[in-house]
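Asker: Here is a sequence with its predicted model. Questions after.
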Amino acid sequence: MNALYLAFAYLRYHWARSLVLTLVTALILFVPVATQILLSTSERALVARGDATPLLLGSRGSQLDLTMAALYFSDERPEPIPMREVETLWDSGLAVPIPVHTAFSSGGFRIVGTTLDYFDFRDLSISKGRGLSVLGEAVIGANVAAALGKSVGDTLVSSPENLFDLDGVYPLEMPIVGILAPTNSADDQAVFVDIKTAWVIQGIGHGHEDVVTAAEVAAGSEAVANAAIVQYQRITEDNIESFHFHGSQDDFPTSAVIVVPNDTRSATILKGRYLDGESPTQLIEPASVIQGLVDRIFRIKSLLDVVTAIIAVAALAAIGLAIFLSYRLRAREIATAVKLGARRGMILRLLSAETVTLLSLSGIIAGLSATIVSRNAEAWVGWLLALGT
Amino acid sequence: MIKVSNLTFRYSGTSFQLRVPEFSLQQDERVAIVGPSGSGKTTLLNLIAGILTPEAGQIDVAGLDVAKLSNAARRRFRASTIGFVFQDFALLDYLSARQNILYPYRITPALTLTQEARDRAEALAASCGIADKLDRHPAELSQGEQQRVAICRALVAQPKLILSDEATGNLDPDSKARILDLLFEQATEAGAAVLAVTHDHELLPRFKRVLDFAQFRETATA
């Protein structure tokens, strides 16, 4: 008890030294644990989303880019594939195809044009408002709502992709009709619209004033369309009828198609159909792509572990040296204690009480910090994985 | 109080040798030890306190043959029988004056910290004129105040013997006499004998007896 009293008195009096030692030790303990927690949570999150996406159809090229774009709505832009691929899959009767169009963004978040099947497939629920029902509407992820301070009834404007692209990609104002419940996945960071809305943003579909009015038709006047025609930037009840698409929907683009086969047999048959290396499309298993990525990350992590271990040993040696020097500086105090009748054991107890107190405080700080990381790991990992989208 | 006879001591690996054929100190006596540096004055204090053990001879303190005591018994004896006052005060910077006075109670099981001990610490501080400075740390005290704290610490466990090693060596001339008088005054109140090593010949008249280590010099440097 006396040893503890003196230890506390010493640590309190030399509070700056004690604080530095405590924090440095806490950091040495915390960093590897936190890294481990975040990495294993990342692995679980990555693999889980990969596992939950049986097959992915997209243009031939980097499988990782395709997976990252379709599953994590990353910045990667795989070459789009035509919607006829979706129709082909429907026609096969072997799977449910879910197109995912991820070419545009709004307020720094990716706009995901898809179909209602996506919400069922990912088991997404609406926490506020309702789901998509009309062209031009948006349902936003929980993090988008929090980050942009948007709620149901507000609007979002799609970001123009290129200032000098006069041909299309006009900003479209989209009313927010629903907010998704958080899932700690990339879906929290996305703005969901119907794929047709994505095509409107792309300029494939649009709405504008009538080129000829009924009166002009009745008068038989010649219709001349020019740039003076007002093109709508927002889809409303009044102008929705004027929105239309040019060309065949089969040719319209989608970034990728999530393919949900009916069963293993259907999956095998489908995989066989897309084996042709000359085909412009490829059917991949995101789980194996993600696993490859995770394996790579963990190979790097093992290298990181060695570096962390070396740094930890060096830092612990520095702390040990600091404590040793502190003991040396207290040689006079120890000599006084011995003269006054202290046992060697008492002096050892006093010095170890200080060390144990410091280590305990560091352990508590590291433990509490690790608990905070552990409790928030899923949310943070979800946010980290969605970074750069 | 102290009876030393035929004492010899030598630090291993050195030519230093201390030989004290006879020395005694009575209860309530104040004795000064003078002599050149390196003659073994502090060594004698350490032998009397049981910090060092002699090669031969007898050291009898308060009826105990210190040389024959076990290590643990010597520590208990030191904690309960002897009060130390050092030249550098040897106060702990991280403890307040109050806790410095009570320090012996914190480091040895031979002493138990009771309310009575706390009251005694307060009373000693009051009689040494530092009652209002008990919550200050040594860095906030003057040298004279620090030595007063050290005297209170030496006396708080009511020892029978005060060993003072150049207790006034770091003080200005005015403070020296005051501190020594205070030490004697407190020792008298506690009924303790004082054996003090000093280089300060101006202070010698205040002692009842002076032991000049020059008489041991021949043997001490032999």
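Answerer: The structure has been received and is ready for your questions.
Asker: Okay, buried residues for stretch A:54-68 please.
Answerer: Under the neighbour-count criterion of 16 or more other C-beta atoms under 10 Å in any protein chain shown, stretch A:54-68 has A:54-60, A:63-68 buried. For glycine as for every other residue, the C-beta is placed from the backbone atoms N, C-alpha and C.
Asker: Also stretch B:122-137?
Answerer: B:124-125, B:127-128, B:130, B:133-134, B:137.
Asker: And chain A, is that stretch touching that?
Answerer: Yes: using C-beta under 8 Å from any C-beta of the partner chain, stretch B:122-137 reaches chain A at B:His137.
Asker: do the same with stretch B:168-181
Answerer: No: counting by C-beta under 8 Å from any C-beta, chain A is not contacted by stretch B:168-181; separation bottoms out at 14.3 Å.
Asker: residues in the stretch 1-150 of chain A within reach of chain B, list them.
Answerer: A:2, A:5-6, A:9-10, A:12-14.
Asker: Counting neighbours, which of those comes out on top?
Answerer: A:Leu6 (25 neighbours; other C-beta atoms under 10 Å in any protein chain shown).
Asker: Surely that one touches A:Ala353?
Answerer: Yes: at 7.4 Å, A:Leu6 and A:Ala353 qualify as touching, with contact defined as C-beta atoms under 8 Å.
Asker: quick one on the thing from earlier: among the buried residues of stretch B:122-137, find me the one that's closest to chain A.
Answerer: B:His137 (7.2 Å; C-beta to the nearest C-beta).
Asker: just checking, the closest one touches B:Arg98?
Answerer: No: look at B:His137 against B:Arg98 with C-beta under 8 Å: they stay out of range, at 10.4 Å.
Asker: Quick check: phi and psi on B:Ala167?
Answerer: phi -60, psi -30 (degrees, to the nearest 10).
Asker: Which strand or helix spans the closest residue to it other than its chain neighbours?
Answerer: The shortest distance from B:Ala167 to any non-neighbouring residue, by C-beta to C-beta, 6 or more residues apart in numbering or on different chains, is to B:Val85 (4.2 Å). Using DSSP states H and E, B:Val85 maps to strand B:82-86.
Asker: Pull out the buried positions in that strand.
Answerer: Within strand B:82-86, the residues that count as buried by 16+ other C-beta under 10 Å are B:82-86.
Asker: Packing partners of whichever helix or strand comes after it?
Answerer: Along the chain past strand B:82-86, the next helix or strand (assigned with DSSP H and E) turns out to be helix B:97-101. Counting contacts by 3 or more C-beta pairs under 8 Å, 6 or more residues apart in numbering or on different chains; DSSP states H and E, helix B:97-101 packs against helix B:115-127, helix B:143-155.
Asker: looking at this, B:Val31 is in a strand?
Answerer: Yes: counting by DSSP: H, G, I helix; E, B strand; the rest coil, B:Val31 falls inside a strand.
Asker: Hmm, it is touching B:Arg209, no?
Answerer: Yes: counting by C-beta under 8 Å, B:Val31 touches B:Arg209, with 4.7 Å between them.
Asker: quick one, which of the two is more surrounded?
Answerer: B:Val31 (19 against 12).
Asker: Name the nearest residue to the residue nearest in space to the middle of chain B, sequence neighbours excluded.
Answerer: A centroid search over chain B (C-alpha atoms, centre = their mean) returns B:Leu163, at 1.9 Å, as the residue closest to the centre. Leaving aside its chain neighbours, B:Leu163 sits nearest to B:Leu45 (4.8 Å; criterion: C-beta to C-beta, 6+ apart).
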